[in-house]
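Enquirer: I would like to see how this sequence folds:
(2 chains, ligands or ions: 2)
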Amino acid sequence: MKIAVCVSHVPDTAAKINIGSDGKTIDPNGVTYVVNPYDEFAIEEALKTKEKLGGETVAISLGSDANKETLRKALAMGIDNAVLLKDGGYRDSLSVAKALADEIKAQGAELVFFGKQSVDYDNSAVGQITAELLGYNCVSVAVSFALDGNKITCEREIEGGKEIVETTLPALITAQKGLNEPRYASLKGIMAAKKKEIAEKSPAAATNFTEVIAMKRPPSKQAGKILGSDATVVPELVRLLREEAKVI
Amino acid sequence: MANKILVFIEQRDGQIKKSSLEAAKVASDFATKLSGSAEALTIGNEISNLNSLGGYGIGKVTHLKNSDLANYSPSAYTELITKFVNDNGFDILFFGNTSLGKDLAPRLSAKIDAGLAMDCTALNFENGEIIATRPVYAGKAMADLKITSIKKIFSLRPNVFNPGTASGNKAEINLVNVEAPNLNVKVTDIKKAEGKLDVAEADIIVSGGRGLKGPEHFHLVEELASVLGAATGASRAAVDAGWRPHGEQVGQTGKTVSPTLYIALGISGAIQHLAGMRSSKYIVAINKDKDAPIFQVADYGIVGDLFEVVPVLTEEIKKIKS
Ligand SMILES: Cc1cc2nc3c(=O)[nH]c(=O)nc-3n(C[C@H](O)[C@H](O)[C@H](O)COP(=O)(O)OP(=O)(O)OC[C@H]3O[C@@H](n4cnc5c(N)ncnc54)[C@H](O)[C@@H]3O)c2cc1C
Ligand SMILES: Nc1ncnc2c1ncn2[C@@H]1O[C@H](COP(=O)(O)O)[C@@H](O)[C@H]1O
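Expert: Numbering: from 1, shown residues only, chains lettered A, B, ... in the order given. Ligands and ions are numbered 1, 2, ... in the order given. Got it, this is the predicted structure:
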């Protein structure tokens, strides 16, 4: 079976974000980019599935040359092949999904793993859209995954619990923390990944349905009052919560 | 343009979710602004109080009913909503950005070719257009987004849009029994975390971090949460140490929350933690390190030992609640 995993290349979660001079994007200066954290769970699940059932794995990323770094990490972890869909400009979720769906189809992958969310635009959307475009069954925010023949059982995180979801191949699963523990790339893996070819392809032109008109800093929160250093100020805290904030 | 607006009403166990009331109110407000109309759609088996949506400005609610639809089914819900939207010519759809809304809204966007704005925290009306504001980079920046396609989908962060108090109006209910829904993807069971309020839905959250020193001290967090009727949350340090379940993690790789009150106990306030809770309306921090970054976002802080302060706080709140 062919297994695909889609990975995005995002600012490190510890990065400070500044607004770019165009007022519509972020300033990439001084920002380190990493594999999207959720996509590491997706890579791990693809590897585990292949180890169990055999087959071939391919990682796909849409973006600029810089995304090769993330694809190399996927290769170093053990993914067999990598494809860069080279495109530098802005793409909204629908437009990213269209490009990814085309490539997944071209690869003939029957099982696809995504992260549940990219920590850049935080949409939590591309996986579900891609699945609908492909006509694949889709379970999002999976914290467990089991494949038995053609049948898939997942647990999916919801408010206050988990849904047990059943479906069949072909399928697209989006990964949530808890699904697995991503492995570290071995030194051997890292060396091998350096030598591997990353295929470059041009996706179909973007067809965006949204436009970012401004990017701003979040409203700054004023540091509040330090009331004191021990339990004697608790009555004052309770009073403020009741009378000033009116929240209890 | 007609501006036919549809709000999707989510039910769990036959009850309308609060986030859907918030979305209903936003939908009816925009119907007024755009000189259009707003209707609601819901899917499930038995659902209570559907006519109460009238109180939030909704004139008519269509209920697609089948006992197999009591639980969510992504495939069935997507197919039914797509057909309903296409048959009735809706242009603008609103969802609550809940676990269900997050799953469903993107699917609809693919099905009806609609531009998508997920997790909106503000919607403004400028020159006849809706401008959506949404947090990006885990809330370290805010993007203003315009949807340029004719069909538009907005998914609204729960707890942010105030639905106000309901008027006495009642909505007309249009009950439609649906046959044999597409159950290619089917929820066969729901495992509930027993009696627990989820951080994503709570009005008050009490969270604990590494400062609690070990799982045996989290009763302090639980007792305070219990007197406040709050949900319990945790930092990633507490989750990774195995002290607390994954579902409680607040932050960039946990849940994004915006409760009315967030109480952080023994949490330093790392950037990834702040990302998940900085939009809370009021933040209280108890931490013995006066330089902990959590104090930069806290409205009220106590620089002290949580083991001393928290039991007193719990007692004090118990007093005023009784
Ligand atoms: C990719 C990535 C994603 C991440 N995502 C998240 C996320 O989603 N959520 C998250 O929370 N973190 C996340 N983190 C981790 C984050 O960087 C921090 O490590 C974590 O939040 C620290 O947790 P903490 O505040 O409980 O622990 P610490 O930073 O160790 O803080 C403990 C605090 O307790 C205080 N304390 C100790 N004893 C007492 C006492 N007796 N009384 C009062 N105060 C006391 C200390 O002063 C200290 O400030 C992520 C990190 C990475 C790299
Ligand atoms: N540019 C991209 N290239 C490859 N995969 C992507 C890209 N953008 C998003 N994805 C995938 O879609 C998931 C959800 O992203 P998003 O909808 O942007 O939150 C990510 O975790 C990735 O698996």
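
Enquirer: Quick check: the gap between A:Glu243 and ligand 2.
Expert: 41 Å (CB to the nearest ligand atom, to the nearest Å). (Glycine included, C-beta is placed from N, CA and C.)

Enquirer: Helix, strand, or coil at that residue?
Expert: On the three-state scheme (DSSP: H, G, I helix; E, B strand; the rest coil), A:Glu243 is labelled helix.

Enquirer: which bits of chain A sit near ligand 1?
Expert: The interface of chain A toward ligand 1, taken as CB under 6 Å from any ligand atom, is made up of A:Thr13, A:Pro37.

Enquirer: quick one, longest helix in chain A?
Expert: helix A:37-53 (DSSP state H).

Enquirer: what's the burial count for residue 198?
Expert: If you meant another chain, say so; for now it's chain A. Residues within reach of A:Ile198, counting by other CB atoms under 10 Å in any protein chain shown, total 18.

Enquirer: actually chain B
Expert: B:Asp198, neighbours per other CB under 10 Å, totals 22.

Enquirer: Tell me who's in contact with it.
Expert: Shown in contact with B:Asp198 (CB atoms under 8 Å, 6 or more residues apart in numbering or on different chains): A:Glu159, A:Gly160, A:Gly161, B:Ala231, B:Gly247.

Enquirer: For chain A, which residue gets nearest to chain B?
Expert: Relative to chain B, the nearest point of chain A is A:Phe209 (3.1 Å; CB to the nearest CB).

Enquirer: Could you report the distance from the residue of chain A found nearest ligand 2 to A:Ala125?
Expert: The nearest approach of chain A to ligand 2 comes at A:Gly115, 2.4 Å away (CB to the nearest ligand atom). The spacing between A:Gly115 and A:Ala125, counted by CB to CB, to the nearest Å, is 12 Å.

Enquirer: In terms of neighbours, single out the busier of those two.
Expert: With neighbours defined as other CB under 10 Å, A:Gly115 and A:Ala125 compare such that A:Ala125 has more, 31 against 28.

Enquirer: was I right about A:Val139 contacting A:Leu169?
Expert: No: contact criterion CB atoms under 8 Å: A:Val139 and A:Leu169 do not qualify, at 11.9 Å.

Enquirer: any common contacting residues for those two?
Expert: Joint contacts of A:Val139 and A:Leu169 (CB under 8 Å, 6+ apart) are A:Ile152.

Enquirer: circling back: excluding covalently adjacent residues, which one is nearest to the residue of chain A closest to ligand 2?
Expert: Spatially, and ignoring its direct neighbours in sequence, A:Gly115 is nearest to A:Tyr38 (2.9 Å; CB to CB, 6 or more residues apart in numbering or on different chains).

Enquirer: In contact with that neighbour, which residues?
Expert: A:Gly115, A:Lys116, A:Gln117, A:Ser118, A:Val119, A:Thr174, A:Ala175, A:Gln176, A:Lys177, B:Thr253.

Enquirer: Out of those, which end up buried?
Expert: A:Gly115, A:Lys116, A:Gln117, A:Ser118, A:Val119, A:Thr174, A:Ala175, A:Gln176, A:Lys177, B:Thr253 (16 or more other CB atoms under 10 Å in any protein chain shown).

Enquirer: So which of the residues you listed sits lowest on pLDDT?
Expert: Ranked by pLDDT, these bottom out at B:Thr253 (86).

Enquirer: returning to that earlier point: could you take the buried ones among the contacts of A:Tyr38 and lay them out as TSV, with extra columns for secondary structure?
Expert: Below are the buried ones among the contacts of A:Tyr38 laid out as TSV (three-state DSSP):
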residue	secondary structure
A:Gly115	strand
A:Lys116	coil
A:Gln117	coil
A:Ser118	coil
A:Val119	coil
A:Thr174	strand
A:Ala175	strand
A:Gln176	coil
A:Lys177	coil
B:Thr253	coil
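
Enquirer: Angles on the backbone of residue 91, please.
Expert: Answering for chain A, as no chain was given. The phi and psi values for A:Arg91, taken as degrees, to the nearest 10, are phi -140, psi 130.

Enquirer: give me the number of residues near it?
Expert: 22.

Enquirer: Which secondary structure state is assigned to the residue lying closest to it once chain neighbours are set aside?
Expert: Once flanking residues are discounted, A:Arg91 sits nearest to A:Ala206: 4.8 Å by CB to CB, 6+ apart. Following three-state DSSP, the label given to A:Ala206 is coil.

Enquirer: And A:Ala206, what's its pLDDT?
Expert: For A:Ala206, the model assigns a pLDDT of 92.

Enquirer: Just list the residues touching it, thanks.
Expert: A:Asp87, A:Gly89, A:Tyr90, A:Arg91, A:Ser95.

Enquirer: Output the set of residues of chain A in proximity to ligand 2.
Expert: Residues of chain A lying near ligand 2 (CB under 6 Å from any ligand atom): A:6-8, A:36, A:38-39, A:42, A:60-63, A:93, A:96, A:100, A:114-115, A:117-118, A:121-127.

Enquirer: just the helices in chain A please.
Expert: A:37-53, A:68-77, A:93-107, A:126-134, A:187-195, A:234-239.

Enquirer: Buried residues in the longest one, which are they?
Expert: This points to helix A:37-53. Of the residues in helix A:37-53, A:37-47, A:49-50 count as buried by neighbour count, 16+ other CB under 10 Å.

Enquirer: In a markdown table: those, plus pLDDT.
Expert: Shown next, in a markdown table, are those (pLDDT from 0 to 100):
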| residue | pLDDT |
| --- | --- |
| A:Pro37 | 95 |
| A:Tyr38 | 96 |
| A:Asp39 | 98 |
| A:Glu40 | 98 |
| A:Phe41 | 98 |
| A:Ala42 | 98 |
| A:Ile43 | 98 |
| A:Glu44 | 98 |
| A:Glu45 | 98 |
| A:Ala46 | 98 |
| A:Leu47 | 98 |
| A:Thr49 | 98 |
| A:Lys50 | 98 |
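
Enquirer: ok, of the residues you listed, which one's closest to B:Ile81?
Expert: Each of the buried residues of helix A:37-53 was checked against B:Ile81 using CB to CB; the closest is A:Tyr38, at 26.2 Å.

Enquirer: Low-confidence ranges, chain B, go.
Expert: Chain B contains residues with pLDDT under 70 at B:1-2, B:195.

Enquirer: The residue of it at minimum distance from chain A: what's it in contact with?
Expert: Chain A sits closest to B:Gly115 of chain B, with a gap of 3.1 Å, by CB to the nearest CB. Listed by CB under 8 Å, 6+ apart, the contact set of B:Gly115 reads A:Asp92, A:Leu94, A:Asn208, A:Phe209, A:Thr210, B:Ser109, B:Ile147, B:Thr148, B:Ser149, B:Lys151, B:Lys152, B:Ile153.

Enquirer: Name whatever forms a beta bridge with it.
Expert: B:Lys152 (DSSP bridges).

Enquirer: returning to that earlier point: just the buried ones out of the contacts of B:Gly115, please.
Expert: A:Asp92, A:Leu94, A:Asn208, A:Phe209, A:Thr210, B:Ser109, B:Ile147, B:Ser149, B:Lys151, B:Lys152, B:Ile153.

Enquirer: In a markdown table: these, plus distance to B:Gly55.
Expert: Below are those laid out as a markdown table (distance: CB to CB, whole Å):
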| residue | distance to B:Gly55 |
| --- | --- |
| A:Asp92 | 35 |
| A:Leu94 | 35 |
| A:Asn208 | 38 |
| A:Phe209 | 33 |
| A:Thr210 | 32 |
| B:Ser109 | 29 |
| B:Ile147 | 28 |
| B:Ser149 | 32 |
| B:Lys151 | 28 |
| B:Lys152 | 25 |
| B:Ile153 | 24 |
